[in-house]
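1. Got a sequence here, can you model it:
(chains A and B)
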Amino acid sequence: MNWGTNMADQDKELDQLFAQAREARDVFPDHLAVRIETDAEAIRLTRAVPAKRRTWRQRMRGIGGWQGLGGLVAASAAGVWIGFSAPTFLPDPVVYFTSQETTYLMADLNLDEYYLEDAE
Amino acid sequence: MEDLTSYPNTTHGRSSAVPEPSDEALLGRFADGDAAVARLLTGRLGPRSYSLALRMLGNRAEAEDVTQEAMMRLWKMAPDWVPGQAQLSTWLYRVTLNLCVDLRRKKRPDALENVAEPEDGTASVVDRMQDTARKDALQNALQQLPDRQRQAVVLRHIEELSNPEIAGIMDISVEAVESLTARGKRSLTAILAGRRDELGYEHG
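-> Modelled structure (predicted):
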C-alpha cells in the first residue's frame, strides 16, 4: 500500500480502507451463533418454569383481581344467607316444585284447549 | 492484533430481501416463549454486535465474548422491553460499546493509547507486528484512537450508521458525533502517514 502524501490522496485512501473493512465486516462465526442460541434457550426454559404461577395470576386478572375475588365471595355468602333466612313476605320457591298446588296451577291453564285452537 | 479479513463466510449474514417482522416484534415473541425466533434474532443482531466489537477490540475471542454477553443481556431483558421506546439495534450497539470499554479498561487501565506497540524489542515480534499491521493497517490505527473517536468512526464508516443513530447510541448530540468523527479521521490519517516507514510501506 502506498500512503498518499497530500490530504486529498490520504482521505481517498482512508475511504478505501473503510471500504475494505466493510467488505470484511459481514461475517459471523457459526460456533458463536450456537453459543448465543444456547443461552437464549436456557433463558427461555428458565422463564417457562413458573408457568403455573403466571396462569394463576392470569386467572385472578380474569375475575378482576383481588377486588373481584372479594366481591365474588361476598355475593356468594349473601346468596347462602338469603337461602337460609329468606324474608317471610317472599313466597318459598321450593313450593312450586314440590306441592300438589303446582300441579293444579298448571292444570288450570287448560293447555289442551290452546293446543286444540292451534290445531284448528 | 489479528487479521480481521480472513474469517470464513457463514450462513448468519444480516442481508435478506424477504420482508420479515421487526426485531422488536421478534423480541416480543421470544419473551412470550417462542423458541424459534432466537435463531432469527441471533442471525440479525449477532453479526452487528460482533462486527462492532471486533473493530473496537481487534481481538476475535474477546469480540465473541462481548457479543455473547450483549446477546445474553438481550434475552434477559426481553420481557421488560417497551415497544416504540427505541430501536433494538440501537440498544444492542450501546450495550456492545459499553462492554468493549469495560473490557479494555480491565485489561489496560492506564495504557489505552499504546495498544499497538510491541510488548518486547525482539526482531521476531517486530516482524510479526509489521506483518499483522500490513494486513489490516486500518485496524492498527483504530486501536490507537481514543475510545469515543474510535466508536464514532467505526459506527459511521464501517457500520455505516447515520449521525442521528450514532448520537442515540452514544447518547450525545449529532454535532458531537460529527466532531468526533472528523477528529477521528484526522487522527487516523496522521497515524497511517506516520507509520508508513515503520510498517515498511514504499513511498508513493
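
2. tell me the domain ranges of chain B?
-> With automatic domain parsing serving as the domain definition, the record reports that chain B contains domains spanning B:1-107, B:116-204.

3. So which bits of chain A are right by chain B?
-> Counting by C-beta under 8 Å from any C-beta of the partner chain, the positions of chain A adjacent to chain B are A:1-5, A:7, A:9-11, A:13-14, A:17-18, A:20-22, A:24-30, A:32-33, A:35-37, A:39-41, A:43-44, A:47-48. Just so you know, the C-beta spots here come from the backbone N, C-alpha and C atoms, and that holds for glycine as well.

4. Kindly present the domains of chain B as CSV, with separate columns for distance to residue A:85, mean neighbour count and mean pLDDT.
-> Supplementary listing: the domains of chain B in CSV, determined by distance: least, C-beta to C-beta, whole Å; neighbours: other C-beta atoms under 10 Å in any protein chain shown; pLDDT from 0 to 100:
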stretch, distance to residue A:85, mean neighbour count, mean pLDDT
domain B:1-107, 50, 18, 85
domain B:116-204, 69, 17, 79
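
5. Let me have those domains in a markdown table, adding distance to residue A:64 as columns.
-> Putting the domains of chain B into a markdown table (distance: least, C-beta to C-beta, whole Å) gives the following:
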| stretch | distance to residue A:64 |
| --- | --- |
| domain B:1-107 | 24 |
| domain B:116-204 | 41 |
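
6. between those domains, which gets nearest to chain A?
-> Shortest separation from chain A across the domains of chain B is recorded for domain B:116-204, at 2.7 Å, computed as C-beta to the nearest C-beta.

7. could you say what helices and strands the helix or strand hosting residue B:176 packs with?
-> Using DSSP states H and E, the element containing residue B:176 is helix B:174-194. Under the contact criterion of 3 or more C-beta pairs under 8 Å, 6 or more residues apart in numbering or on different chains; DSSP states H and E, helix B:174-194 touches helix A:7-23, helix B:137-142, helix B:147-153, helix B:163-170.

8. and the angle from it to helix A:7-23?
-> Following axes from the mean of the first three to the mean of the last three C-alpha atoms, to 10 degrees, one obtains 100 degrees for the angle between helix B:174-194 and helix A:7-23.

9. For helix B:174-194, what is the distance to the chain centroid?
-> 17 Å (C-alpha atoms, centre = their mean, to the nearest Å).
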